[in-house]
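J.: Provided below for reference: sequence and predicted model.
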Amino acid sequence: MFEEIKAAILDGDAEKTMALVKKALEEGMDPLEVLNKGCIPGIEKAGALFEAEEFFLPELITAGEATKAAMELLLPELRKKEDAWQSAGKFVIGTVEGDMHDIGKSIVASMLSAAGFEVFDLGIDVSAERFVEEVKAKQPHIVGLSALLTSTMPKQQEVIEALKEAGLRDKVKVLVGGAPVSSEWAEKIGADGYAEDAVAAVKLAKKIMQ
Amino acid sequence: MKALFSFLTDDEATQIHEASLAVLEKTGIKVESEKVRRLLVRHGAREEGSIVRLPRELVGDAIKQIRRQVYLAARDPACSLTIPAGRTLNATSGYAPFVHDLETDERRSSTGRDLRDIAVVADYLEAVDFFWPLVMPTDEPPPLEELCALDIALRHTRKHVQCSCSAEKTAHWQVRLAAVVAGGEAKLRQEPIFSAVASPVSPLTFEKDTVEAMVVLAEAGIPVVPMNMALGGTTAPGTLAGILVMANAEELATLVILKCANPDAPMVYASDSGPADMRSGEVNYAAPEYPLVGAAMAQMARFYGIPSMVAHGSSEEVPADLTGFERNVLRVLISQATWTDLSSWLGSRDSAISGSLVNLVMDAEVYAHASAYLRQFSVDAATLALDVIDEIGPAGHFLSHKHTVRHFRKELWTRRLRDSFVLEPGESGYAERAREKARSILATHSVPPLDEGLLKEMEALMQKARRDILGQG
């Protein structure tokens, strides 16, 4: 069963993945085991194949979406036994003000969800004030700032400054990403890290949560 | 939808045709075989010494008998080809007496062992659709080289073999050898697992040995490829139109000979014609006229409705940098855009005097890049993707749609950089990359051997052939 779930995720087949997970739960399997032995190995394998340049974006994303669909079935069950389960971490993510680029940020959000993070996707054109409000309200472990334009990159710095002013900077880790962004830039603006692609972002987020 | 590089107007093609008929009727061809002259005379040609004049009716009849499709079978049926195939099918270059050693890169006389290695690598490379013996086994006695080349090729590649044939006895034994592998001569006629390059000599001359070989091959149903080499300024007039008349007249004359031997004989209209180097008198493969003449000859073939072949496009040198690599891509792109049915070029070096595994692997890489520009678009309900566009709508994205997943690998460039020879800064050269790849193919790729029984039969037959050809007992 776990192997079948893993294969369905690698095929990017959300319907089949959900059907298998539903069946597993009906048969009384432990949701945590379904997650750890079926879903997580599936999405991790997809990530490894992407890193090895065997998988391309469409295959990575559909695998992510299949996992996300499975998570939606598993989460309520997992929450029922809260003592046994907690999410991999809370993650607020958005594209900064003035920037309308959605796809890259959504891929990262989707892959984070698939990896077991509780993700709050604020969408695009998100102001520094909104980031501060959401950090206050959701109390995430990490906040991710996406910028695809050299002209909107400075907004990442503004968000960091706003978090400082609100006294929240030491309560949350800040990750930055986007085509023109680099680790040098992340260091320069005082972010906690930079990820080159969605797979790297998940790895970095997991490392931070350890 | 595809690019097609055209050269002549319809009217010009007709003029070349008419001029060629006039040459064959008035000037005639020199046929150095009495047997073949008699054959032609029986069909209405006029003989005067060794010159044979071909009336236009005779040529017209041969044109009417053209086989518009030619089947090039292969030892492994999965490798069989039928032309026209909708794109240019490519072979290794061929019949060079020298090889550049894989390890030392020194130029030396080629051997059967070199040919075997080249066959194995060509078997592996996707860019190679059918096989020309790139180098000759010069460790064999010269009269045996062509037969031994076929023997080695049939053993070490599953692909169709196109060998050279320039003697009647060679033709005879090549047919018998291939018949062993094909399962008898009748089967070979239906499934010609080899074809043969046998060519007139410009201007307008058919050597005794070669023309007699042509007849044997035609009778056995083996496709014949007369790859003549009319060189503007030396063996043809020093004008492009003059080269075309000469080359076309020779192709038509060969067609007449083959059809007189067997009205059903398959022929591929071929050309290695071009300009001569006006300083050395040699063929000038680097001249722009060379691909232009090839394009025009391919057009003449389409004029008659006969499948065509032009030898062109080889890199000849291993580039030192990206600019050199791109120049090779451009060169291959231009030659492939002439849309001949067959071409032989991969692995050639030093104006085809030598062959090299490094060049072979590199040319395959160049082809991978060039061919991406030559694709036909598939335009149908599935690829127009109307439903998908409607479903995603404005401002959405297609990355995670099943349709994208299903199609992108076939339709979009996904070649990995590390598989490609396009070097990154600081990397070792193209030759080194290609050499490594050739080594790794030789170490890992194995061609399924022929049945033990067949191999024994071939060996026995080769022994008989040796005695017959070398005249020992």
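T.: Perfect, I can see it now.
J.: Could you measure from residue B:191 over to residue B:76?
T.: Applying CB to CB, to the nearest Å, the value for residue B:191 to residue B:76 is 11 Å. Every C-beta, even on glycine, is put in place using the N, C-alpha and C of the backbone.
J.: Next one, pLDDT for residue 149 please.
T.: Just going to use chain A. pLDDT recorded at residue A:149 is 88.
J.: To clarify, I was referring to chain B.
T.: pLDDT recorded at residue B:149 is 98.
J.: Let me know whether it touches residue B:115 as I believe.
T.: Yes. Counting by CB atoms under 8 Å, residue B:149 does reach residue B:115; the two are 6.4 Å apart.
J.: in the chain, what spans have low per-residue confidence?
T.: No chain in the question, so chain A it is. Residue ranges of chain A with pLDDT under 70: A:82-84.
J.: my bad, the chain I had in mind was chain B
T.: B:1-4, B:313-315, B:416-428, B:472-473.
J.: domains of it?
T.: B:63-374, B:381-411 (automatic domain parsing).
J.: Can you show me the helices along chain A?
T.: A:2-10, A:14-26, A:31-34, A:40-51, A:57-80, A:103-114, A:128-138, A:153-165, A:183-188, A:198-209 (DSSP state H).
J.: mind putting those helices in JSON lines, distance to chain B and mean neighbour count included?
T.: Formatted as JSON lines, those follow (distance: least, CB to the nearest CB, whole Å; neighbours: other CB atoms under 10 Å in any protein chain shown):
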{"stretch": "helix A:2-10", "distance to chain B": "12", "mean neighbour count": "21"}
{"stretch": "helix A:14-26", "distance to chain B": "10", "mean neighbour count": "18"}
{"stretch": "helix A:31-34", "distance to chain B": "23", "mean neighbour count": "18"}
{"stretch": "helix A:40-51", "distance to chain B": "12", "mean neighbour count": "20"}
{"stretch": "helix A:57-80", "distance to chain B": "4", "mean neighbour count": "21"}
{"stretch": "helix A:103-114", "distance to chain B": "5", "mean neighbour count": "24"}
{"stretch": "helix A:128-138", "distance to chain B": "21", "mean neighbour count": "17"}
{"stretch": "helix A:153-165", "distance to chain B": "21", "mean neighbour count": "19"}
{"stretch": "helix A:183-188", "distance to chain B": "20", "mean neighbour count": "14"}
{"stretch": "helix A:198-209", "distance to chain B": "11", "mean neighbour count": "20"}
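J.: now those in JSON lines, with distance to residue B:378?
T.: Shown next, in JSON lines, are the helices of chain A (distance: least, CB to CB, whole Å):
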{"stretch": "helix A:2-10", "distance to residue B:378": "27"}
{"stretch": "helix A:14-26", "distance to residue B:378": "28"}
{"stretch": "helix A:31-34", "distance to residue B:378": "41"}
{"stretch": "helix A:40-51", "distance to residue B:378": "27"}
{"stretch": "helix A:57-80", "distance to residue B:378": "19"}
{"stretch": "helix A:103-114", "distance to residue B:378": "26"}
{"stretch": "helix A:128-138", "distance to residue B:378": "46"}
{"stretch": "helix A:153-165", "distance to residue B:378": "41"}
{"stretch": "helix A:183-188", "distance to residue B:378": "42"}
{"stretch": "helix A:198-209", "distance to residue B:378": "31"}
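J.: Tell me which of residue B:191 and residue B:76 has more neighbours.
T.: The neighbour count for residue B:191 versus residue B:76, taken as other CB atoms under 10 Å in any protein chain shown, is higher for residue B:191 (19 against 15).
J.: now that one: how far from residue B:261?
T.: From residue B:191 to residue B:261 the distance is 20 Å (CB to CB).
J.: picking up where we left off before, list the residues that contact both of residue B:149 and residue B:115?
T.: B:133, B:136-137 (CB atoms under 8 Å, 6 or more residues apart in numbering or on different chains).
J.: Residue B:145 contacts residue B:135, correct?
T.: No. Using CB under 8 Å, residue B:145 is not in contact with residue B:135; the gap is 10.2 Å.
J.: Show me which of these two is the more surrounded one.
T.: residue B:135 (29 against 23).
J.: List the residues that contact that one.
T.: B:95-99, B:110, B:114-115, B:118, B:354-355.
J.: Now list the buried members of those residues.
T.: B:95-96, B:98-99, B:110, B:114-115, B:118, B:354-355 (16 or more other CB atoms under 10 Å in any protein chain shown).
J.: Quick check: most distant residue from the centroid of chain A.
T.: In chain A, the residue that sits farthest from the middle, by CA atoms, centre = their mean, is residue A:27; the gap is 29.6 Å.
J.: From start to finish, how long is stretch A:112-131 in a straight line?
T.: End-to-end distance of stretch A:112-131 (CA to CA, to the nearest Å): 18 Å.
J.: again, but for stretch B:335-354
T.: 21 Å.
J.: tell me which parts of chain B are close to chain A?
T.: Applying CB under 8 Å from any CB of the partner chain, one finds that chain B approaches chain A through B:397, B:399-402, B:404-405, B:408-409, B:414, B:416, B:418.
J.: Mark which of those residues are buried, thanks.
T.: The neighbour count (16+ other CB under 10 Å) marks B:399-401, B:404-405, B:408 as buried among the residues of chain B next to chain A.
J.: domain assignment for chain A?
T.: Taken from automatic domain parsing, chain A resolves into A:2-80, A:89-209.
J.: Can you give me the neighbour number for residue B:452?
T.: A total of 8 residues lie near residue B:452 under the criterion other CB under 10 Å.
J.: what's the closest of the helices of chain A to residue B:55?
T.: helix A:57-80 (64.6 Å; CB to CB).
J.: got the angle between that closest one and helix A:14-26?
T.: If you take axes from the mean of the first three to the mean of the last three CA atoms, to 10 degrees, helix A:57-80 sits at 20 degrees to helix A:14-26.
J.: rewinding a little: now the domains of chain B as CSV including distance to residue A:15?
T.: Below are the domains of chain B laid out as CSV (distance: least, CB to CB, whole Å):
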stretch, distance to residue A:15
domain B:63-374, 34
domain B:381-411, 10
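J.: can you map out the helices along the stretch 151-300 of chain B?
T.: Applying DSSP state H, counting those that start in this stretch to the stretch 151-300 of chain B gives helices spanning B:168-182, B:185-190, B:208-219, B:240-261, B:289-304.
J.: tell me the most buried of those helices?
T.: Most buried of those by mean neighbour count (mean count of other CB atoms under 10 Å in any protein chain shown) is helix B:240-261; its value is a mean of 25.
J.: Done for today, thanks.
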